[in-house]
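give me the fold of what follows.
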Amino acid sequence: MAERRLKYFGWGREGEGLTAEEEAFALDRYRRLFAVDRFDGRNPPALSEIALRPPRIAPPPALPPHRSSEHYDRVAHTYGKSFSDYARGLVGQYDNAPDVVAYPRDEAEVTAVVDWAGGVQAALIPFGAGSSVVGGVEPKVDGTSCRAAISLDLRHLDRVVEIDRTSRAARIEAGVFGPALEAQLKPHALTLRHFPQSFEYSTLGGWIATRSGGHFASLYTHIDDFVESLRVVTPRGLVETRRLPGSGAGPSPDRLFIGSEGILGVITEAWVRLQDRPRFRAGGAVRFVDFFAAARAVRAIAQAGLYPSNCRILDPQEAQNTGAGDGTAAILVLAFESGDHPLDAWIGRALECCADHGGAPELPETADAHREGAAGMWRTAFIRMPYAREHLVGRAIIADTFETAITWDRFPDFHAEVMETAKRAVAEANGGVAEGRGSPRISCRFTHVYPDGPAPYYTVLAPARRGDEVAQWDEIKAAVSQAVIDAGGTITHHHAVGRDHRPWYDRQRPDPFADALRAAKRELDPKAVLNPGVLIDPATDA
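A predicted model of the protein is given here:
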């Protein structure tokens, strides 16, 4: 049976999505939240209704045959999954659709497409599964030296090529989707255990290129921690880094490409560190009357060196939004796992830290407590959330997020400033409605925690102005992004920079480093065809 293709609009494959019951439940929650009787729905245009300009280039006969300029392929590779992407797709705005989508079957075909792009001066955008929420895969060529755009879809580079059981590592092609990666490791009782929210529809290469944050709330928080070595196709040739457990030999070449977002080369393979599949688990939900008391408990857990796999605070509003709470308490979702040993001592000490700050476990500790009660409700909401956004944007509901990281000593003031700015910006963009029934909602959770600070993740829920959704969200996004930078945070903890975060990334990074990055770009991509406009300004001369 042929695999169903990915949706051109929305999350997942055709035929997948919220059940009728899930959709009704979500919309009823937003009706009550915004004090409206009903939402006027708008459906996305049918594929046949979307107008595209004719392709500006055609592949030469000598190019490997796996490429397409068909309508579906071009539409499905135009956008990622941000609110702005959905809002523009909803009205059929596909001005930046790629001219060609290439589907290489191996590294040699990747190289052929990279060479062709340079020869015809076409922008080349590496594409995993299109889960970017920061404008990282949109093929924009205006203001660049490129005259066309090629989307390079790596989905056929999907094998676990080699497993080193002794070193507990594997060589894996970059285009493999998360579930297929784990399925190939499972017979060996191994796991990468990197589960971003986009896990089902994102790829190893995409995780590496964007410095993805994954399953572990502490210790191994980013894909960086798992990369042993890389193979990268650049316009100047193949780069392969040496596979080592660690090295002190100068600046790391792996680090140059991890987080490079496709501007320096196309990642085709990686050796990654694996783990034994977990056999022991412990966890559950802990309730706190006060959000900051919960934060102090999390700091104690992080600084105790317990390294929980999950340690995520939901503030009262976030807990209510996801069904994990009733809005009267902050919820800490706490979990430990191991492939080697029972975890009684770890969970016991973590709960002591919680109790020291007024936290009370919701349920008695059991092996499945992390899947029950509030923890289970939050887990379900987390997994299903991406399917809801296509329904919300069609009802003119803004549901988007921004995330950052800050040190513990600055967190209370930082959080107050960011929340105040977010509330003010959302109110101004929402016609002045700031408080009371029908007002927008801003909530916070911790996604990852470190001994020296948390990674707060903020959610914005607000009614949108029909026809003006993108401008409305851009106004909010600009205000909160500036507040994050002014208060000393990072513009992104794990969502990447893309195009959406560029103005604030430019303010965050040191100027000499920006010059060094531009120099690396000129050396590795002399014709400036790789994902122009991401991370640095596009070159306007070839």
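
so what does the top helix by length along the chain touch, helix or strand wise?
When the chain is parsed with DSSP state H, its longest helix is helix 373-394. Taking 3 or more CB pairs under 8 Å, 6 or more residues apart in numbering; DSSP states H and E as contact, the helices and strands that helix 373-394 lies on are helix 20-34, helix 83-90, strand 280-288, strand 330-338, strand 397-403. Placement of C-beta: from N, CA and C, glycine included.

can you list the buried residues in the third one?
Within strand 280-288, the residues that qualify as buried by neighbour count (16 or more other CB atoms under 10 Å) are Arg281, Ala282, Gly283, Gly284, Ala285, Val286, Arg287, Phe288.

just confirm the last one contacts Ala355, I think it does.
No. Between Phe288 and Ala355 there is no contact, the gap being 10.6 Å when judged by CB atoms under 8 Å.

quick one, what contacts Tyr86?
Phe9, Gly10, Tyr79, Arg389, Glu390, Val393 (CB atoms under 8 Å, 6 or more residues apart in numbering).

now the third one, what are its backbone angles?
Spelled out, it's Tyr79. In this entry, Tyr79 is assigned phi and psi values of phi -130, psi 160 (degrees, to the nearest 10).

counting neighbours, what do you get for it?
24 (other CB atoms under 10 Å).

the fourth one now?
The local packing count at Arg389 equals 20, with neighbours defined by other CB under 10 Å.

let me see the confidence value for it.
Per-residue confidence at Arg389 stands at 92 (pLDDT).

likewise for the third one?
We have a pLDDT of 98 for Tyr79.

ok, it to Thr144 distance?
Noted for Tyr79: a distance of 18 Å to Thr144, by CB to CB, to the nearest Å.

give the contact list for the nearest residue to Phe39 once chain neighbours are set aside.
On the basis of CB to CB, 6 or more residues apart in numbering, the spatially nearest residue to Phe39 that is not a chain neighbour turns out to be Arg395, at 3.7 Å. Under the criterion of CB under 8 Å, 6+ apart, the contact partners of Arg395 comprise Leu27, Tyr30, Phe39, Asp40, Gly41, Arg42.

give me the pLDDT for Arg395.
According to the prediction, Arg395 has pLDDT 94.

one more: Arg32?
So, for Arg32, pLDDT stands at 87.

identify the residues contacting it.
Remark: with contacts taken as CB under 8 Å, 6+ apart, Arg32 is in contact with nothing.

quick check: it vs Ala20, distance?
The separation that Arg32 has from Ala20, given CB to CB, amounts to 19 Å.

again, but for Ala51
Between Ala51 and Ala20 the distance, using CB to CB, works out to 32 Å.

out of these two, which sits in the more crowded spot?
Using other CB under 10 Å, the more surrounded residue of Ala51 and Ala20 is Ala51, with 12 against 8.

identify the bridge partners of Val460.
Here Val460 sits in beta bridges with Asp400, Ile442, going by DSSP bridges.

for burial, what's the neighbour tally of it?
For Val460, using other CB under 10 Å, the count is 23.

that one against Ala422, yeah?
Yes. The criterion here is CB under 8 Å, and Val460 meets it with Ala422 at 6.6 Å.

what do the two both touch?
Taking CB under 8 Å, 6+ apart as the contact definition, Val460 and Ala422 share the neighbouring residues Ile442, Ile476, Val480.

and the first one, what does it touch?
When the contact criterion is CB under 8 Å, 6+ apart, the partners of Ile442 are Gln317, Met419, Ala422, Lys423, Val426, Tyr458, Thr459, Val460, Leu461.

mind picking the two most distant members of these?
The distance between the two most remote of the contacts of Ile442 (CB to CB) is 14.0 Å, for Met419 and Leu461.

tell me where the stretch 251-400 of the chain is predicted with low confidence.
Along the stretch 251-400 of the chain, the model assigns pLDDT under 70 to residues 364-372.

what about the helix or strand bottoming out on mean pLDDT in the chain, distance to the chain center?
When the helices and strands of the chain are scored by mean pLDDT, DSSP states H and E, helix 373-394 comes last with a mean of 86. Once both centres are worked out by CA atoms, centre = their mean, to the nearest Å, helix 373-394 turns out to sit 15 Å from its chain's centre.

could you give the angle of that helix to helix 83-90?
Helix 373-394 and helix 83-90 are oriented at 40 degrees to each other (axes from the mean of the first three to the mean of the last three CA atoms, to 10 degrees).

any regions of the chain where pLDDT drops low?
For the chain, the stretches flagged by pLDDT under 70 are 1-2, 364-372, 432-438, 539-542.

neighbours of Val289, how many?
Quick note: Val289 (other CB under 10 Å) scores 13 neighbours.

isn't it up against Gly358?
Yes. Between Val289 and Gly358 there is a contact at 6.3 Å, judged by CB under 8 Å.

quick one: the strands in the stretch 51-200 of the chain, in order.
With DSSP state E, counting those that start in this stretch, the ranges of strands along the stretch 51-200 of the chain come out as 67-68, 100-102, 122-127, 148-153, 160-164, 169-173, 190-191.

so what strands line up beside the first one?
Looking back up the chat, that one is strand 67-68. The partner list of strand 67-68 in its sheet, established with DSSP bridges, is strand 100-102 (antiparallel).

which strands and helices sit next to the one helix or strand Leu256 maps to?
Applying DSSP states H and E as the criterion places Leu256 in helix 253-257. Counting contacts by 3+ CB pairs under 8 Å, 6+ apart, helix 253-257 packs against strand 227-234.

with just CA atoms, put the helix or strand following the strand it packs on into CSV.
Moving toward the C-terminus from strand 227-234, the next helix or strand (DSSP H and E) is strand 237-240. Extracted in CSV, the C-alpha atoms of strand 237-240 (Å, rounded to 0.1, in the frame of the first residue of the first chain):
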residue,chain,number,x,y,z
GLY,A,237,33.0,19.8,-2.1
LEU,A,238,32.3,17.2,0.5
VAL,A,239,33.1,17.8,4.1
GLU,A,240,33.4,14.8,6.4
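
buried residues, strand 237-240. List them.
Residues of strand 237-240 classed as buried under the neighbour-count rule (16+ other CB under 10 Å) are Val239.

give me the residues contacting it.
Residues outside strand 237-240 that contact it (CB under 8 Å, 6+ apart): Glu107, Thr111, Ser229, Leu230, Arg231, Val232, Val233, Pro253, Phe257, Gly265, Leu524.
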